[in-house]
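**Student:** 3D model of this:
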Amino acid sequence: MQKEIKYNIDNNNCWNCISHAPSSNGRPSVSRNKKVYLIYRYMYEKKYGEIPKGMVARHICDNPMCINPDHILLGTHNDNVQDCVSKRRHSFGEKNGHTKLREYQVIEIIKDIEHTRKELAEIYKCKYSNIVDIKLGRRWTYLKSNI
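**Tutor:** Numbering: from 1, shown residues only. Here you go, the predicted structure:
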């Protein structure tokens, strides 16, 4: 017996899944025909057919619990990444686990006119190229508006 997929519809016409708990990725999944599907992909394929090879299913509502097939657009992986960046859903600044600098330090670097870039790299224990990118506005660009 397969567990029925149930949902509530909200004001944005999102079909919020209430029958299945989210997986580790924050999205509910379901088992059908001995295969595990993310429910939003399952619902899309049920309505529109198989997702072509090389394409991804992208939420336009940015609601991980939404399983409304009309809230799904097909696109490439690159489309999905660009969508993520444009909506600021990616890890940037201090949220990025690879960063060694904190926002207040980057602001200090941007404002600093006393030290050379090489000196700043030594002071903040980071790569010279990071200092160059910060000074030229290629990294941490969202902080420029705070200065």
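
**Student:** switch to C-alpha atoms for all contacts and neighbour counts from now on
**Tutor:** Will do.

**Student:** report the buried residues of stretch 10-22.
**Tutor:** 14, 15, 16, 17, 20, 22 (16 or more other CA atoms under 10 Å).

**Student:** how far away is the first one from residue 46?
**Tutor:** Here the distance between residue 14 and residue 46 works out to 17 Å (CA to CA, to the nearest Å).

**Student:** which secondary structure element contains residue 58?
**Tutor:** For residue 58, the host element (DSSP states H and E) is strand 56-59.

**Student:** pull the distance from the helix or strand that comes right after that strand to the chain's centre.
**Tutor:** Next helix or strand after strand 56-59 toward the C-terminus (DSSP H and E): strand 72-75. Relative to the centre of its chain, strand 72-75 is centred 15 Å away, using CA atoms, centre = their mean, to the nearest Å.

**Student:** what mean pLDDT does strand 72-75 get?
**Tutor:** In this model, strand 72-75 has a mean pLDDT of 91.

**Student:** coming back round to it: pick the one among the buried residues of stretch 10-22 closest to residue 3.
**Tutor:** Proximity of the buried residues of stretch 10-22 to residue 3 (CA to CA) peaks at residue 20, which lies at 8.7 Å.
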